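predicted model follows, preceded by the sequence.
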Amino acid sequence: MERKRILIVEDEPQIVEVLQAYLEREGLIVESTGSVAGALDAVARLRPDMMILDITLEDGSGLDVLRQSGANGGGIPSIMLTARAEESDRIVGLELGADDYITKPFSPRELVARVRALFRRLGERTGTAAQHATRKTRVAELEIDHEFHEVQISGKPANLTATEFRILTLLVENPGEVFTRSHLLDRLNDDGDIFERTLDRHINNLRKKIEPDPHNPQYVLTVYGVGYKMRRP
């Protein structure tokens, strides 16, 4: 199997050294940079399989990396590192496409476990798509291509994160079925409480990308007091 590439965007050398040692022990190819400019250059050169992004960098923020790399195609699975207690940075990061976050100080082993879990979820998504190599699903103006992991709404591409794509795929494949939050997490085979705490935020982000009016959704519907469902075709 081709070795995965991971980009660490962090300006504290000691943290980089420890993370690189732990991740290379997992068989990953690791590159690091301490700046927004270096990160964007590395994204263009390497197209890493995953990014670990610190919020505070010498020339800006890891949020700038998410924002600018997203504008240029995005879609790179990302885990944010933050030393800040406020929710605002985490919420902005999730809205810009981050899949998970971890607050400093953290255990390197915990971060490696998060990396493993995210790669595992991505692998499950890829495996499901391979089983349906030519299958596309359409609900009104929403179209999902399961082979190329692409989503279009009214003929225009919707740039979803890995987590958003997995949520949408599960709902689309079970139209009309109501999922409670716990049921949704069970079916997605999530590995930790981070995803549970941010599930509603991921749903909101998904709606912003596929709904003509996110405040009055036509596709991902809320069943008040219960959970979520996808409209029937």
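Yep, it's here.

so how far is the helix or strand harbouring Ser88 off the chain centroid?
Using DSSP states H and E, Ser88 sits in helix 87-96. Chain-centre distance of helix 87-96: 12 Å, with Cα atoms, centre = their mean, to the nearest Å.

and for stretch 144-161?
Per Cα atoms, centre = their mean, the centroid offset for stretch 144-161 relative to its chain is 15 Å.

that one - what's its average pLDDT?
Mean pLDDT, computed over stretch 144-161, is 85.

can I get it in PDB, CA atoms only?
In PDB, the C-alpha atoms belonging to stretch 144-161 read as follows (Å, rounded to 0.1, in the frame of the first residue of the first chain):
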ATOM      1  CA  ILE A 144     -23.600  12.200  -5.500                       C
ATOM      2  CA  ASP A 145     -20.900  10.400  -7.500                       C
ATOM      3  CA  HIS A 146     -19.800   7.500  -5.200                       C
ATOM      4  CA  GLU A 147     -16.800   6.700  -7.400                       C
ATOM      5  CA  PHE A 148     -15.100  10.100  -7.500                       C
ATOM      6  CA  HIS A 149     -16.500  11.300  -4.100                       C
ATOM      7  CA  GLU A 150     -18.100  14.300  -5.800                       C
ATOM      8  CA  VAL A 151     -21.300  16.200  -5.100                       C
ATOM      9  CA  GLN A 152     -23.100  18.600  -7.300                       C
ATOM     10  CA  ILE A 153     -26.100  20.800  -6.600                       C
ATOM     11  CA  SER A 154     -28.000  22.100  -9.600                       C
ATOM     12  CA  GLY A 155     -25.000  21.200 -11.700                       C
ATOM     13  CA  LYS A 156     -22.500  23.100  -9.600                       C
ATOM     14  CA  PRO A 157     -19.800  21.300  -7.500                       C
ATOM     15  CA  ALA A 158     -20.200  21.300  -3.700                       C
ATOM     16  CA  ASN A 159     -16.700  21.000  -2.000                       C
ATOM     17  CA  LEU A 160     -17.500  18.800   1.000                       C
ATOM     18  CA  THR A 161     -15.100  17.600   3.700                       C
END
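
what about the strands in the protein?
5-9, 29-33, 50-54, 56-57, 60-61, 78-82, 100-103, 136-139, 142-145, 150-153, 156-158, 179-180, 220-223, 227-230 (DSSP state E).

which among those strands is found nearest to Glu173?
Nearest of the strands of the chain to Glu173, taken as Cβ to Cβ: strand 136-139 at 7.2 Å. For glycine as for every other residue, the C-beta is placed from the backbone atoms N, C-alpha and C.

buried ones in the helix holding Ser88?
Across helix 87-96, burial judged by 16 or more other Cβ atoms under 10 Å covers 89-90, 92-96.

list the contacts for the most centrally placed residue in the chain?
Geometric centre of the chain, nearest residue: Asp99, 3.1 Å, by Cα atoms, centre = their mean. Asp99 sits next to 77-79, 118, 161-163 when contact means Cβ atoms under 8 Å, 6 or more residues apart in numbering.

how about a cut-off of 10 Å?
Counting by Cβ atoms under 10 Å, 6 or more residues apart in numbering, Asp99 touches 50-51, 76-80, 93, 114, 117-118, 121-122, 161-164, 166, 194-195, 198, 202.

Arg232 now?
By Cβ under 10 Å, 6+ apart, the neighbours of Arg232 are 139-140, 175-177.

highest neighbour count among these?
The most crowded member of the contacts of Arg232, judged by other Cβ atoms under 10 Å, is Val139 (18 neighbours).

I'd like the distance between the residue lying closest to it once chain neighbours are set aside and Phe179.
Once flanking residues are discounted, Val139 sits nearest to Pro233: 5.0 Å by Cβ to Cβ, 6 or more residues apart in numbering. According to Cβ to Cβ, to the nearest Å, Pro233 stands 18 Å off from Phe179.
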